[in-house]
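Asker: Below is the structure, and that's it, no one-letter string:
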């Protein structure tokens with residue numbers, strides 16, 4: 001899958017609030033490791049996991065759906081910038097539909113998550129899209145490049 005490097009940098013640089021769909025409360029899971037890394041680097045993480053709704057993961061309230069999270073955040077005058085998806089490829093399309101409905105700026109499908117129907121739909125709706133890549137890895141690369149410029 002051909003990724004646009006400018007889209008990766010744009011999403012990492014401009015996103016402040018990242019909803020992590022499929023965020024596990026278990027520290028040994030990749031979703032938890034990635035979310036904790038992003039949180040340590042200044043992003044606000046919004047956990048989305050129906051099995052954990054109403055609890056807290058990484059100190060943040062966990063929601064069952066993006067729609068519920070977006071509504072709660074709207075009351076705080078906050079919006080979800082990026083939807084980071086840790087779900088099976090065949091489960092991505094309804095998540096992308098929600099991302100479009102809540103007016104997220106972009107969707108990011110983690111390594112191994114590929115759904116061309118969903119990514120085409122997101123792009124057609126004006127969202128920036130990255131697929132089959134890791135936000136943690138790409139952030140670390142981008143961060144290192146920023147450090148080299150100083």
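Answerer: Sure thing, it's come through. Quick caveat: nothing in here was measured; it's all calculated off a predicted structure. Residues are numbered from 1 along each chain as shown.
Asker: So for stretch 79-88, first residue to last residue, what's the gap.
Answerer: Its start and end residues considered, stretch 79-88 measures 25 Å (CA to CA, to the nearest Å).
Asker: In that stretch, which of the residues would be classed as buried?
Answerer: Across stretch 79-88, burial judged by 16 or more other CB atoms under 10 Å covers 80-87. Bear in mind the C-beta positions are built from the backbone N, C-alpha and C, glycine included.
Asker: do the same with stretch 133-141
Answerer: 133-136, 138-139.
Asker: Contacts made by it with the rest, please.
Answerer: Identification of contacts with stretch 133-141 by CB atoms under 8 Å, 6 or more residues apart in numbering yields 3, 8, 12, 18, 33-34, 37-38, 41, 84, 108-111, 130.
Asker: try it again with 7 Å
Answerer: 3, 8, 12, 34, 37-38, 41, 84, 108, 110-111 (CB atoms under 7 Å, 6 or more residues apart in numbering).
Asker: who's in contact with stretch 121-129?
Answerer: In contact with stretch 121-129 (CB under 7 Å, 6+ apart) are residues 7, 10-11, 96, 99-100, 104-107, 119.
Asker: From those residues, keep the buried residues only.
Answerer: 11, 96, 99-100, 104-107, 119.
Asker: May I ask which two of these are separated the most?
Answerer: 11 and 100 (15.7 Å; CB to CB).
Asker: picking that back up, which one of the buried ones among the contacts of stretch 121-129 is nearest residue 76?
Answerer: With CB to CB as the yardstick, the closest approach to residue 76 among the buried ones among the contacts of stretch 121-129 comes from residue 104, at 16.2 Å.
Asker: The closest one is in contact with residue 73, isn't it?
Answerer: No: the pair residue 104 / residue 73 is not scored as a contact, 11.1 Å apart, by CB atoms under 7 Å.
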